[in-house]
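Asks: return atomic coordinates for the entry below.
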Amino acid sequence: MKVYGILDDYILVRQDVSRYVISYGIEQVDETHYTWYEIVFYKKQKPSLSSEEIKDAICEDINKQTDEKILTSFKWNNKAVWLSMENQFNFKAAYDFAIQNNGANLPVTFKLGEDENQNPIYYTFETVEEFSDFYTSAMLFVQQCLSEGWQRKDSIDWDKYKPINQEEDIVD
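Replies: From the prediction side, this is the model:
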């Protein structure tokens, strides 16, 4: 969950009577406003958290955000492209076949995604060059998203995240 607001007494891991709140990725928006991400654990389900569990939760959250970005944020020629794993596989299979067989499978049509009104967006690739531009752009986008996710995880100072349990440091 991304949070927006004024930063007062920022604590990376805090708890109240019923939950733990883990914060990460703080960024300053302007002079007094910040954004950050929070993960909530409820004490009934998880009475304590080790440093490793905190790290795993943050990494899993960053991975989910990275996957969502890959899935929904790629645009090619101003067309939204849904880069699910299945679509990536289908694009690769058709692209590899086109490259290996001098475009013998072309033209080939794919549903790239949907527009803002949920109408399907289809596109027919007529040439190897056009398909190559599309596929290369998509794979570069995926690699960029993965790289950004790795950088986010690598930039976290994990020593700041200490294990916690219900009896310690309850914040009202």
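
Asks: and the residue nearest the centre of the chain?
Replies: The structure's the chain has its C-alpha centroid closest to T66; by CA atoms, centre = their mean the separation is 1.7 Å.

Asks: need the contact list for that residue.
Replies: Counting by CB atoms under 8 Å, 6 or more residues apart in numbering, T66 makes contact with C145, L146, E148, G149. Where you see a C-beta, it was placed from the backbone N, CA and C, and this is true even at glycine.

Asks: 10 Å instead, please
Replies: Applying CB atoms under 10 Å, 6 or more residues apart in numbering to T66 gives the contacts V142, C145, L146, S147, E148, G149, W150, R152, K153.

Asks: could you check how far it is from F141?
Replies: Going from T66 to F141 by CB to CB, to the nearest Å gives 12 Å.

Asks: repeat that for A98.
Replies: Note on A98: its distance to F141, by CB to CB, is 20 Å.

Asks: ok, K64 next?
Replies: Distance, K64 to F141, using CB to CB: 18 Å.

Asks: between the two, who's got more neighbours?
Replies: Neighbour count, other CB atoms under 10 Å: between K64 and F141, F141 has more, with 18 against 11.

Asks: skipping adjacent residues, who's closest to that one in space?
Replies: The shortest distance from F141 to any non-neighbouring residue, by CB to CB, 6 or more residues apart in numbering, is to F74 (4.8 Å).
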